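Engineer: From the sequence below, what's the structure:
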Amino acid sequence: METYSIEQIIKKRRTIRTLLDQDIAMNVIEELLEISSYAPYHSKKEPWEVITVSEEQERQLFVEEIMNSYDRLDIWARYDQQNLATAKKRTQDYFLDVPLTLIVTAPIHASEKLNLEAVGAVSAFIQNFQLAAWSKQIGVTWRTIPVIFDEGFKKAVGVPSQRQIIGLLDLSLVDAKMKLPTSRRIPVENWTAGLAEKLAENGGSNE
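Structural biologist: Modelled structure (predicted):
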């Protein structure tokens with residue numbers, strides 16, 4: 001297998017929504033999670049917790065709760081009502097076909113600073129996981145669909161009330177024959193500026 005530098009992996013990584021009907025070994029996932037835990041964090045305790053959805057029974061329950069949450073949140077009102085049944089089936093079938101999902105959570109803090117630090121650390125953990133997974137030819141889709149803010153959904157999938165879901169990570173092996181999408185970025189000079197330049201833009205005042 002071809003090896004890449006960390007710079008190459010960062011640039012080559014893509015979100016993969018095309019699913020392969022192949023299992024991903026849990027020992028590989030555990031190895032990737034251990035690697036991911038080297039993300040920086042500010043607290044005394046590592047803030048991330050992960051719930052795995054891998055067994056068929058777990059998958060059925062998980063998808064059922066997604067569909068229940070969509071009903072509860074009235075998500076379907078945004079869809080073409082004439083084709084609603086088809087949309088529901090397509091959504092359900094997709095989530096049932098995902099080989100493995102990780103529910104990644106962070107603690108909820110009353111302090112804005114501590115909450116920001118927790119979310120930032122767990123986001124870094126997720127990015128570590130995406131990069132490490134890509135090096136093993138595993139694609140990740142980091143989902144922040146509305147259900148993650150639904151307290152009913154959180155309770156149904158075992159997330160305590162004092163924690164927040166930062167992402168649902170859908171995992172699938174990458175099809176080696178698939179043409180990967182091109183990723184373009186805005187040039188760095190378009191979104192960086194010196195302090196003096198920014199102050200001048202704002203009329204020389206930081207008020």
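
Engineer: list the buried ones in the lengthiest strand in the chain?
Structural biologist: Assignment by DSSP state E gives strand 163-173 as the longest strand of the chain. For strand 163-173, a neighbour-count test (16 or more other CB atoms under 10 Å) marks Arg163, Gln164, Ile165, Ile166, Gly167, Leu168, Leu169, Asp170, Leu171, Ser172, Leu173 as buried. Heads up, the C-betas are built off the backbone N, CA and C, glycines and all.

Engineer: Same check on stretch 26-37?
Structural biologist: So for stretch 26-37, counting by 16+ other CB under 10 Å, buried means Ile29, Leu32, Leu33, Ser36.

Engineer: Hmm, Phe129 and the first one touching each other?
Structural biologist: No: the pair Ile29 / Phe129 is not scored as a contact, 9.2 Å apart, by CB atoms under 8 Å.

Engineer: what secondary structure does the residue most central in space within the chain sit in?
Structural biologist: Centre of the chain computed as the mean C-alpha position; nearest residue by CA atoms, centre = their mean is Trp142, 2.4 Å away. Look at Trp142: counting by DSSP: H, G, I helix; E, B strand; the rest coil, its state is strand.

Engineer: residue contacts, the closest residue to it other than its chain neighbours?
Structural biologist: In this structure, Trp142 finds its nearest non-sequential neighbour in Gly167, 4.7 Å apart by CB to CB, 6 or more residues apart in numbering. Counting by CB atoms under 8 Å, 6 or more residues apart in numbering, Gly167 makes contact with Val104, Ile126, Trp142, Arg143, Thr144, Ile148.

Engineer: go again using 7 Å as the cut-off
Structural biologist: Val104, Ile126, Trp142, Arg143, Thr144 (CB atoms under 7 Å, 6 or more residues apart in numbering).

Engineer: What of Ser43?
Structural biologist: For Ser43, counting by CB under 7 Å, 6+ apart, the contacting residues are Glu117, Ala118.

Engineer: and what of Trp142?
Structural biologist: Trp142 makes contacts with Ile126, Gln130, Gly167, Leu169, as judged by CB under 7 Å, 6+ apart.

Engineer: Please enumerate the helices of the protein.
Structural biologist: Using DSSP state H, the helices found in the chain span residues 6-12, 26-36, 56-72, 84-97, 112-135, 151-156, 195-201.

Engineer: picking that back up, can I get the buried residues of stretch 26-37 in JSON lines with pLDDT and distance to Tyr94?
Structural biologist: Shown next, in JSON lines, are the buried residues of stretch 26-37 (pLDDT from 0 to 100; distance: CB to CB, whole Å):
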{"residue": "Ile29", "pLDDT": "96", "distance to Tyr94": "21"}
{"residue": "Leu32", "pLDDT": "97", "distance to Tyr94": "23"}
{"residue": "Leu33", "pLDDT": "98", "distance to Tyr94": "24"}
{"residue": "Ser36", "pLDDT": "97", "distance to Tyr94": "25"}
